[in-house]
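S.K.: I need the structure of the sequence given here:
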Amino acid sequence: MCAGCPQNDVYSFLNNTNFYNEKLISAKKGFTVQIGETTLHSRYDPDAEAEKYINSLKLKQYKYFILLEPGLNYLAVYLGSKFPMSQVISLHCSSFFDKSNKYLPDTANIFLFHGELSWNPSSAETLEDFLERILFDTDASDIKLIDWKPSVNAYGKACLDLTSVTVNLIKRIGAGRKTVQNFGKRWLKNALNNIELINKITLVNRGSMQILVCAAGPSLEDSINDIIKWKKESSRLLIIAVSSAAPALFYNGIRPDIIITTDGGSWAGFHLIECLRENNKTSSEKPFIAAALTAELPSHFEDYPVIVLRDGSLWQDIVLQAAGYLSLAFPQRGTVSVSALDLAFYLSSGNVYVCGMDLSHRDLLTHARPYAFEKFQEQKQHRKNPLYSQVFERENMIQCSGSHGIYASWFTGHISLFSGRLYSVGNSKFGIPAGKPVINNSGTKANFTVQNAQNKISKKSLIDILCNSLENPLINEQLGKELGELLLHDTSPEIINYTGKIKKALLELADG
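M.R.: Down below sits the predicted model:
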């Protein structure tokens, strides 16, 4: 990562297993921890101090309380007794609070751990993995963060970094949960429709060629001339374009080899329709479409060769197996640009280059041009609704949503997933090293085999299979949890007739 990126410093403490010269010292009642001139707890009665502080916050019941570097467990113990139906999570800046700290006397263990969920830099999981595992299905409104001022004074930036990463993660989890609540039924419906729609399944044998991933950020326009040159000079360079970037490539005479789409919203289809129009102007050959099973696919694409992408969930495995469709499994990433990197790293063992991955705006420019939605803005413009005003409102709406910031924060924290052979065409704010494809690269090309879909299965039959699978005692708990999140607002398995409500919602999709 780039040394100048402030985001990198925020994540630096995640791998810090050093201590901060903490000293465990006796208090009149129990223990406290001293760091320099600061003590984390009262030297007289830490329990009374914790009780007084928690009561001063005038808290209500939350599903989760997250303590940001609480030191010893005085806060956690009192908080747990005051709200026994809540779960208390303790996040620490230092490995001093790890259970395996051999420098602590056995008599201190009772003051360190009281059964609460706990993380520190020596934990086997990263902080994000730890919190995602626990909070993945939790509304942000059900989480309360509590800091401890003595720890902020003692640990300084490390404590602030801990808070920053935790807040960003909760924002992302909250945004993801809202997305599931708003689009869950659509995703499931899209998946069932797509299995009926797709007629050509594409199988992949991986290669070692160079791959260029084109995202739709404004900086893509800066690379167009270079891409034209590289494509002419190297037949082995494979181009993957996100669907919103493909129109800009087609417009400039660049035909992407693969167009990837993961968005399940209805508007996503407009990008693909624009790709279809532009491709038909110059070629009768169809590019490969890499599509998430839950993506919105227009009916025009029934004869396009599709690389089916699944997210590894049980319900997707069940319907794909029933349809006999082979697919590639990648985790959900939130943004198609990162999914494109997943695909690129799967397709080739060679270097991957990326352009247009801005996850930010350039003044009022939100995407590389031409952009599919521009036509709608042009059609709506008139004297009282000029194009400039529409562009300004759209840019402001995207900025206010915070989605780019959430995706950028995630990518910054997970850039190591793609390190080693990922290069950025031009400058990268994420610290990706700069690089350009090597024209005489001798890597082997990936091989794509297109097969006609066999034994087509109807949407109604797939729904029947899911309903029957809910009765299978080996998988009904996991399947019910997944489908409940997609179909029901109340996802607690304890509600009356939980499975029956899921089945009813499934059957309603069959009529939709």
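S.K.: quick one: low-confidence parts of the stretch 1-150 of the chain?
M.R.: 1-19, 102-116 (pLDDT under 70).
S.K.: and the helices in it?
M.R.: With DSSP state H, counting those that start in this stretch as the criterion, the stretch 1-150 of the chain has helices at 6-12, 46-56, 74-82, 109-112, 127-135, 149-155.
S.K.: including mean neighbour count and distance to residue 200, could these go into CSV?
M.R.: (Each C-beta comes from the backbone N, C-alpha and C, glycine too.) As requested, the helices of the stretch 1-150 of the chain are exported to CSV (neighbours: other Cβ atoms under 10 Å; distance: least, Cβ to Cβ, whole Å):
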stretch, mean neighbour count, distance to residue 200
helix 6-12, 16, 42
helix 46-56, 16, 61
helix 74-82, 20, 56
helix 109-112, 18, 59
helix 127-135, 18, 36
helix 149-155, 20, 57
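S.K.: out of these, which gets nearest to residue 229?
M.R.: Closest approach to residue 229 among the helices of the stretch 1-150 of the chain (Cβ to Cβ): helix 6-12, 32.4 Å.
S.K.: all helices of the stretch 201-350 of the chain, in order?
M.R.: 220-233, 246-251, 268-282, 314-323, 336-347.
S.K.: show me the contacts for the closest residue to residue 140 other than its chain neighbours.
M.R.: Using Cβ to Cβ, 6 or more residues apart in numbering and skipping the chain neighbours, the partner closest in space to residue 140 is residue 174 (3.3 Å). By Cβ atoms under 8 Å, 6 or more residues apart in numbering, residue 174 lies in contact with 139, 140, 141.
S.K.: can you get me a residue count around the nearest residue to residue 276 once chain neighbours are set aside?
M.R.: Of all residues not flanking residue 276 in the chain, residue 300 sits nearest, at 5.4 Å (Cβ to Cβ, 6+ apart). Neighbourhood size, residue 300 [other Cβ atoms under 10 Å]: 15.
S.K.: tell me the pLDDT of residue 300.
M.R.: pLDDT, residue 300: 82.
S.K.: and it, how far from residue 193?
M.R.: In this view, residue 300 and residue 193 are 14 Å apart by Cβ to Cβ, to the nearest Å.
S.K.: can I take it that residue 481 is in a strand?
M.R.: No - assessed with DSSP: H, G, I helix; E, B strand; the rest coil, residue 481 is helix; it does not lie in a strand.
S.K.: and it, how many neighbours?
M.R.: Neighbour tally, residue 481, other Cβ under 10 Å: 17.
S.K.: residues in contact with the nearest residue to residue 303 once chain neighbours are set aside?
M.R.: Distances taken as Cβ to Cβ, 6+ apart place residue 199 nearest to residue 303, at 6.1 Å, with adjacent residues excluded. Contact partners of residue 199, counting by Cβ under 8 Å, 6+ apart, are 302, 303, 452, 453.
S.K.: out of those residues, which is most surrounded?
M.R.: When neighbours are counted as other Cβ under 10 Å, the busiest of those turns out to be residue 453, with 18 neighbours.
S.K.: ok, the nearest residue to that residue once chain neighbours are set aside to residue 76 distance?
M.R.: Among residues not flanking residue 453 along the chain, residue 199 sits closest, at 5.2 Å (Cβ to Cβ, 6+ apart). Distance from residue 199 to residue 76, counting by Cβ to Cβ: 57 Å.
S.K.: how near is the residue nearest to residue 140 to residue 453?
M.R.: Taking Cβ to Cβ, one finds residue 174 at 38 Å from residue 453.
S.K.: ok, now residue 27?
M.R.: The value you get for residue 27 to residue 453, if Cβ to Cβ is used, is 71 Å.
S.K.: then residue 482?
M.R.: 25 Å.
S.K.: quick check: end-to-end length of stretch 149-167?
M.R.: Using Cα to Cα, to the nearest Å, one end of stretch 149-167 lies 17 Å from the other.
S.K.: just give me the neighbour total for residue 383.
M.R.: Count around residue 383 with other Cβ under 10 Å applied: 5.
S.K.: please apply the same query to residue 28.
M.R.: 10.
S.K.: contacts only, for it.
M.R.: Residue 28 neighbours (Cβ under 8 Å, 6+ apart): 43, 44, 45.
S.K.: can I get those residues in CSV with distance to residue 464 and neighbour count?
M.R.: CSV is the format used below for the contacts of residue 28 (distance: Cβ to Cβ, whole Å; neighbours: other Cβ atoms under 10 Å):
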residue, distance to residue 464, neighbour count
43, 68, 16
44, 68, 12
45, 65, 16
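S.K.: just the residues you listed now: which is nearest residue 223?
M.R.: Using Cβ to Cβ, the contacts of residue 28 come closest to residue 223 at residue 43, 61.6 Å.
S.K.: from residue 101, how far out is the closest one?
M.R.: Distance of residue 43 to residue 101, given as Cβ to Cβ: 21 Å.
S.K.: mind checking how far the residue positioned nearest the centre of the chain is from residue 311?
M.R.: Nearest to the geometric centre of the chain sits residue 333, at 3.5 Å (Cα atoms, centre = their mean). For residue 333, the distance to residue 311 equals 9 Å [Cβ to Cβ].
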